[in-house]
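In: make a model of this:
(one chain, ligands or ions: 2)
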Amino acid sequence: MSLKLTDPSLLKTQAYIDGHWTNADSGQTYAVENPANGTEVAVVSFCGRDETGRAIEAAHCALRDWQALTAKARSAHLEAWHDLMIAHQDDLAKILTAEQGKPLAEAQGEILYGASYIKWFAEEAKRIYGDTMPSPSPDKRFVTIKQGVGVVACITPWNFPNAMLARKIAPALAAGCTVVCKPANQTPLSAFAMVELADRAGIPAGVINIVSGETVAIGAVLTASLLVRKLTFTGSTAVGKRLMSDCAATMKRLSMELGGNAPFIVFDDADIDAAVSGAMVSKFRNAGQTCVCANRFLVQAGVYDQFVAALSAAMAQLKMGSGDDPSVTIGPLIDGKAADNVRALILDATDHGATQVNTGVKAEFAPTYVAPTLLTDVTSKMRVFREEIFGPVAPIIRFDTEAEAIAMANDTEFGLAAYFYSRDIGRVWRVGEGLEFGMVGINTGAMSNEMAPFGGVKESGQGREGSKYGLDDYLEIKSLCMGGLDQ
Ligand SMILES: NC(=O)C1=CN([C@@H]2O[C@H](COP(=O)(O)OP(=O)(O)OC[C@H]3O[C@@H](n4cnc5c(N)ncnc54)[C@H](O)[C@@H]3O)[C@@H](O)[C@H]2O)C=CC1
Ligand SMILES: O=C(O)[C@H](O)CS(=O)(=O)O
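Out: Ligands and ions are numbered 1, 2, ... in the order given. Below is the predicted model of the structure:
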């Protein structure tokens with residue numbers, strides 16, 4: 001089934017290097033499939049080392065002129081790009097759902113979320129301030145200026161192919177950097193469409209470049225290049241560690257948004273209805289394929305049965321199916337391998353004593369679908385307690401005391417997002433300060449937005465995206481010392 005777009009020219013399938021859409025040197029291509037039904041959405045150029053090298057050269061050549069623009073001029077380019085993203089949001093959402101699978105309403109939300117980062121950094125571009133400072137010697141004066149780090153490599157995942165790329169390109173360009181992007185091979189079309197709109201917004205050739213195809217080879221060229229001064233990566237912790245290691249030889253600046261294992265704690269004093277609503281948003285957004293999804297539900301004994309019953313009833317309302325059906329609220333996982341991984345996690349839990357309370361709807365479009373599943377009697381010995389599920393599975397663990405809940409929540413190498421529900425102000429502060437995570441949702445299951453810093457601690461990564469801190473990762477502070485004032 002071909003995509004019905006208002007503007008079919010947004011469906012780009014090639015690399016974009018130095019302002020030109022181009023096939024792979026080898027002529028090789030690969031197919032992008034719709035995870036809802038396995039049909040082919042498009043055939044895309046399969047690029048490798050040589051194309052990546054040219055993209056880096058193009059970004060390097062474009063850097064001086066882009067840096068020389070005033071902040072106001074760079075801001076205007078980002079504003080124009082934002083406006084085109086908004087004008088074409090329906091087509092962008094259709095492309096996203098076709099290649100990633102999420103329900104259309106979620107895809108539309110992602111397009112607006114991605115555009116909000118472009119808008120935010122169009123504004124922040126004009127607020128990159130330096131300092132003047134008291135001089136320790138009468139013949140000298142000191143000031144600082146901030147300048148873009150240079151050419152930035154941006155590698156993004158398949159689960160939010162629009163928003164994750166916008167969250168990297170926007171601050172990079174605002175800071176005066178140029179970029180070479182590599183989207184996930186499962187979802188390149190959303191990225192290509194965004195870059196087409198950037199081209200239409202008048203962002204000069206070479207400022208944004210994008211290649212997809214031979215993943216490891218492309219990564220190797222990006223990490224080894226001396227011209228690439230920074231790598232920003234969103235994806236799994238395993239790949240993040242490898243990229244971090246590969247970047248060490250050229251001492252690159254790094255931003256890492258990696259995996260998570262979010263606890264969702266429900267205390268006896270919680271508003272249970274609110275907790276269930278928050279649980280549904282946090283757990284089942286994108287069919288559970290987000291790095292900030294609730295991964296472990298820790299429920300205090302006094303409300304355990306009430307919460308399980310209410311969550312089970314809410315899950316039964318989910319309608320599973322193809323994302324382009326407006327009545328559908330939960331779509332497929334990205335591919336059959338991902339679905340098999342989730343099914344294996346469920347089996348491990350039940351093999352070790354967990355009870356599968358809610359088998360959800362029987363999906364008729366196997367192999368990429370996993371029915372929303374509730375597991376009770378879960379313990380820390382099971383894989384679902386320790387591993388990022390990345391699917392619509394809600395493991396419930398009972399606890400007795402606040403101290404036990406905090407200890408269990410922190411018992412993970414990850415530290416991205418955490419959530420808890422309580423109406424006791426003293427507990428809110430104790431638990432908020434005691435959780436070892438970069439972001440904590442209190443009485444809410446949704447906290448991601450462009451104005452708050454997004455990022456993790458421990459093995460969930462380093463750096464922050466969005467917010468007033470989001471530009472820091474793309475800037476170098478230069479100290480200027482003016483001497484000879486006594487002559
Ligand atoms: N912290 C955050 O904001 C986010 C974290 N994630 C994490 O990402 C994972 C799921 O996304 P995936 O795309 O499957 O992750 P992944 O780590 O397999 O892939 C992410 C990106 O890295 C690329 N990649 C993989 N190996 C590479 C290599 N050797 N060199 C260069 N590029 C390479 C992939 O092609 C893709 O573009 C989950 O663990 C999830 O938690 C995903 C989204 C957001
Ligand atoms: O890729 C992800 O999982 C996103 O970072 C989650 S969010 O920013 O959409 O909350």
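In: Ser380: neighbour count?
Out: When neighbours are counted by other Cβ atoms under 10 Å, Ser380 registers 12. The C-beta positions use only the backbone N, C-alpha and C, and glycine is treated the same way.
In: quick one: it and ligand 2, what's the gap?
Out: Note on Ser380: its distance to ligand 2, by Cβ to the nearest ligand atom, to the nearest Å, is 24 Å.
In: quick one: the helices in the stretch 51-200 of the chain?
Out: 71-87, 89-100, 104-124, 163-174, 188-200 (DSSP state H, counting those that start in this stretch).
In: next one: the stretch 301-450 of the chain
Out: 304-315, 336-351, 383-386, 402-410, 425-434.
In: so which of these comes closest to Ala122?
Out: helix 425-434 (32.2 Å; Cβ to Cβ).
In: hmm, who's touching the closest one?
Out: Helix 425-434 has contacts (Cβ atoms under 8 Å, 6 or more residues apart in numbering) with 265, 267, 269, 402, 405-406, 410, 420, 422, 440, 442.
In: let's see 6 Å
Out: 406, 420, 422, 440, 442 (Cβ atoms under 6 Å, 6 or more residues apart in numbering).
In: and for stretch 203-214?
Out: By Cβ under 6 Å, 6+ apart, stretch 203-214 touches 15-19, 46-48, 51-52, 55, 58-59, 61-62, 66, 77, 178-181, 183, 185, 188, 195, 198, 218.
In: hmm, back to that, which one of the helices of the stretch 51-200 of the chain is the most hemmed in?
Out: Most buried of the helices of the stretch 51-200 of the chain by mean neighbour count (mean count of other Cβ atoms under 10 Å) is helix 163-174; its value is a mean of 29.
In: Serialize the helices of the stretch 51-200 of the chain to CSV and add fields for mean pLDDT.
Out: CSV is the format used below for those (pLDDT from 0 to 100):
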stretch, mean pLDDT
helix 71-87, 98
helix 89-100, 98
helix 104-124, 98
helix 163-174, 98
helix 188-200, 98
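In: which residues of this structure lie near ligand 1?
Out: 155-159, 182-185, 215-216, 219, 234-236, 239, 242, 257-260, 291, 388, 390, 416, 461 (Cβ under 6 Å from any ligand atom).
In: which of the residues you listed are buried? Put it as a ChimeraX command.
Out: Those of those that count as buried under 16 or more other Cβ atoms under 10 Å are selected in ChimeraX with:
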select :155,156,157,158,159,182,183,184,185,219,234,235,239,257,258,259,260,291,388,390,416,461
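In: just checking: which of the residues of the chain next to ligand 1 also lie near ligand 2?
Out: 157, 159, 291.
In: tell me the one among those nearest to Ala249.
Out: Pro157 (24.5 Å).
In: and that closest one, what's its pLDDT?
Out: For Pro157, the model assigns a pLDDT of 98.
In: what do you get for Ala366?
Out: At Ala366, pLDDT is 70.
In: next, count neighbours for the closest residue to ligand 1 within the stretch 1-150 of the chain.
Out: Of all residues in the stretch 1-150 of the chain, the one sitting closest to ligand 1 is Thr52 (10.2 Å; Cβ to the nearest ligand atom). Using other Cβ under 10 Å, Thr52 has 27 other residues around it.
In: just confirm it contacts Val221, I think it does.
Out: Yes - Thr52 is within contact range of Val221, at 4.2 Å (criterion: Cβ atoms under 6 Å).
In: who touches the nearest residue to Glu257 once chain neighbours are set aside in this structure?
Out: Nearest-residue entry for Glu257: Thr234, 4.1 Å, with adjacent residues in sequence omitted and distances by Cβ to Cβ, 6 or more residues apart in numbering. Going by Cβ under 6 Å, 6+ apart, Thr234 touches 156-157, 164, 257.
In: from Pro372, how far out is the spatially closest residue to Pro157 that is not a sequence neighbour?
Out: Nearest non-adjacent residue to Pro157, counting by Cβ to Cβ, 6+ apart: Gly235, 4.5 Å away. Look at Gly235 and Pro372: by Cβ to Cβ, to the nearest Å, they are 25 Å apart.
In: likewise for Glu40?
Out: Taking Cβ to Cβ, one finds Glu40 at 28 Å from Pro372.
In: neighbour-wise, which of the two wins?
Out: Pro372 (27 against 11).
In: pull up the per-residue confidence for the more buried one.
Out: 94.
In: am I right that Val143 is in contact with Thr132?
Out: Yes - Val143 is within contact range of Thr132, at 4.9 Å (criterion: Cβ under 6 Å).
In: who's more crowded, those two?
Out: Comparing Val143 with Thr132 by other Cβ under 10 Å, the one with more neighbours is Val143, at 14 against 10.
In: got the residues of the stretch 351-487 of the chain near ligand 2?
Out: 448, 454.
In: how distant is stretch 41-53 from the center of its chain?
Out: 22 Å (Cα atoms, centre = their mean, to the nearest Å).
In: which outside residues touch that stretch?
Out: 13-15, 23-25, 28-32, 34, 98-99, 188-189, 211, 213-214, 217-218, 221.
In: change it to 7 Å
Out: Residues from elsewhere that reach stretch 41-53 (Cβ atoms under 7 Å, 6 or more residues apart in numbering): 3, 11, 13-15, 17, 23-25, 28-34, 98-99, 188-189, 211-214, 217-218, 221-222.
In: taking the residues you listed one by one, which sit in helices?
Out: 98-99, 188-189, 217-218, 221-222 (DSSP state H).
In: with those in mind, which one is nearest to ligand 1?
Out: Using Cβ to the nearest ligand atom, the ones in helices among the contacts of stretch 41-53 come closest to ligand 1 at Ile218, 6.2 Å.
In: can you name the residues that contact that closest one?
Out: 47-48, 52, 182, 211.
In: and the nearest residue to it once chain neighbours are set aside, how far from ligand 2?
Out: Leaving out its chain neighbours, the residue that sits closest to Ile218 by Cβ to Cβ, 6+ apart is Thr52, at 4.8 Å. For Thr52, the distance to ligand 2 equals 24 Å [Cβ to the nearest ligand atom].
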